[in-house]
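1. Return atomic coordinates for the entry below.
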Amino acid sequence: MKVDSKLAKKIENGDFIVTAEYLPSVAANGLIIEAALKALGDSLSAVNVADNHYGVAMSSLAASVAVIKSGAEPICQIVTRDRNRIALQSDLLGAAYLGIKNVLCLSGYHQTLIGCPESASVYDIDSTQFIEIVTNMSEKGVLADGTKIDGRFSMLVGAVANPFLEPLELNMLRLNKKIEAGAKFIQTHAVFDIEQFSQWLDAAGSEGITGRAAIIASVLPLDNAVETERLRGTYIDYSIPDTVVERLKAAGSNGAQKKEGLTICVEMIKKLKEINGVRGIHILSGGKEKVVPEILAASGL
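-> So this is what the prediction gives:
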């Protein structure tokens, strides 16, 4: 079944895509949520809604509805860490009913990395298997066990890729599996090394991947050197060169380092826009939604 989301149409038309992240917080206050979404502005192709990214927060389903009410189109992130295949499919059916048309399938950080070490992880299926389930629900109208879905289920499926995972051959194998499972767009982990990213993208092009899915390169505004070193020391998806850390340190005070972090982010965007095969930019706000419009303006997006 053809997906009628705005994002799907932009991908089909070959438009350049600009997305940004909304990181739900530990809040049930509508005013706080509305303020965060308003801060993102109205020029984005779609808004990613994180799923308990750094610990317990408002559910991505509820937050996605808030995005719709704000006038934007959500990309609802769903991780397999917290749900078995029953709960995953149940949430997908609920998402379709609520008007959500885009889903990003992820495994999610291990619970020990998000301040919830006492929580049990599920991982009944991995992100690639999850992509396949969503694809079958959307294209064949059936659940994983073959049960027919009553009514229209139409969902654009996306996945995440780490351009800095080595060896490159294994990286391409994993990425190919996600595309074959049905992913129509790929949002990468944050890019700080243009040369290594370009090598990955060249390999993806040689594999025919860039012609089968829209590659959306992610960027992240860094706050300061201390936080940057914590990120790259804790999470394997943050591949940040020493040169970036040294540049932040050289800026001086925390305020100056934050400004330098935004400058680095804008520089990355401008370089990424010029690379053949990049279909869009995704801004990982890290909960700092207010800086997104500034980044968009400074980078010409």
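
2. is the residue positioned nearest the centre of the chain in a bridge, and if so with what?
-> Nearest to the mean C-alpha position of the chain, counting by C-alpha atoms, centre = their mean, stands Q187 at 5.3 Å. Per DSSP bridges, the residues bridged to Q187 are V160, I216.

3. Give me the average confidence score over the strand or helix carrying K9.
-> K9 is part of helix 6-13 when elements are defined by DSSP states H and E. Here helix 6-13 scores 96 as its mean pLDDT.

4. Sheet-wise, list the partners of whichever helix or strand comes after that helix with their directions.
-> Downstream of helix 6-13, the next assigned helix or strand under DSSP H and E is strand 17-22. Strand 17-22 pairs in its sheet with strand 46-49 (parallel), strand 278-283 (parallel), by DSSP bridges.

5. quick one: contacts of the first one?
-> If I follow you right, that is strand 46-49. Strand 46-49 is contacted from outside by 5-7, 17, 19-22, 24, 37, 40, 60, 63-64, 67, 72-77, 102, 104, 187, 282, using C-beta atoms under 8 Å, 6 or more residues apart in numbering. The way it works is simple: take the backbone N, C-alpha and C, and place the C-beta from them, glycine included.

6. Just the buried subset of those residues, written out for PyMOL, thanks.
-> If you want just the buried ones from those in PyMOL, going by 16 or more other C-beta atoms under 10 Å, the selection is:
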select buried, resi 5+7+17+19+20+21+22+24+37+40+60+63+64+67+72+73+74+75+76+77+102+104+187+282
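
7. now the helices for the stretch 151-300 of the chain?
-> 168-181, 194-206, 225-234, 242-251, 254-273, 292-299 (DSSP state H, counting those that start in this stretch).

8. Can you lay out these as CSV showing distance to A96?
-> Compiled in CSV, the helices of the stretch 151-300 of the chain are given as follows (distance: least, C-beta to C-beta, whole Å):
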stretch, distance to A96
helix 168-181, 19
helix 194-206, 30
helix 225-234, 34
helix 242-251, 41
helix 254-273, 33
helix 292-299, 28
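
9. Ok, which of the ones you listed comes nearest R81?
-> Among those, the nearest to R81 by C-beta to C-beta is helix 225-234 (16.4 Å).

10. That closest one - contacts with which helices or strands?
-> Using 3 or more C-beta pairs under 8 Å, 6 or more residues apart in numbering; DSSP states H and E, the elements in contact with helix 225-234 are helix 242-251.

11. What lies in contact with the helix it packs on?
-> Contacts of helix 242-251 (C-beta under 8 Å, 6+ apart): 192, 222, 224-225, 228-229, 257, 259-261, 264.

12. if we go to 6 Å?
-> 192, 225, 228, 257, 260 (C-beta atoms under 6 Å, 6 or more residues apart in numbering).

13. Just give me the closest of those to T210.
-> Closest to T210, out of all of these and judged by C-beta to C-beta, is F192, at 21.0 Å.

14. For that closest one, grab phi and psi.
-> phi -130, psi -10 (degrees, to the nearest 10).

15. pretty sure it contacts R232?
-> No. Assessed by C-beta atoms under 6 Å, F192 is found out of contact with R232, at 9.2 Å.

16. and for those two, which residues touch both?
-> Common neighbours of F192 and R232, counting by C-beta under 6 Å, 6+ apart, are I240.

17. Neighbour count: the two, which is higher?
-> F192 (23 against 18; other C-beta atoms under 10 Å).

18. before we move on, back to that, for the contacts of helix 242-251, which two are the farthest from each other?
-> Going by C-beta to C-beta, the pair spanning these furthest: F192 and Q257, at 15.1 Å.

19. which ones are touching L44?
-> L44 is in contact with 18-20, counting by C-beta under 6 Å, 6+ apart.

20. Quick check: the closest residue to P221 other than its chain neighbours vs K271, distance?
-> Nearest non-adjacent residue to P221, counting by C-beta to C-beta, 6 or more residues apart in numbering: C265, 4.3 Å away. Note on C265: its distance to K271, by C-beta to C-beta, to the nearest Å, is 11 Å.
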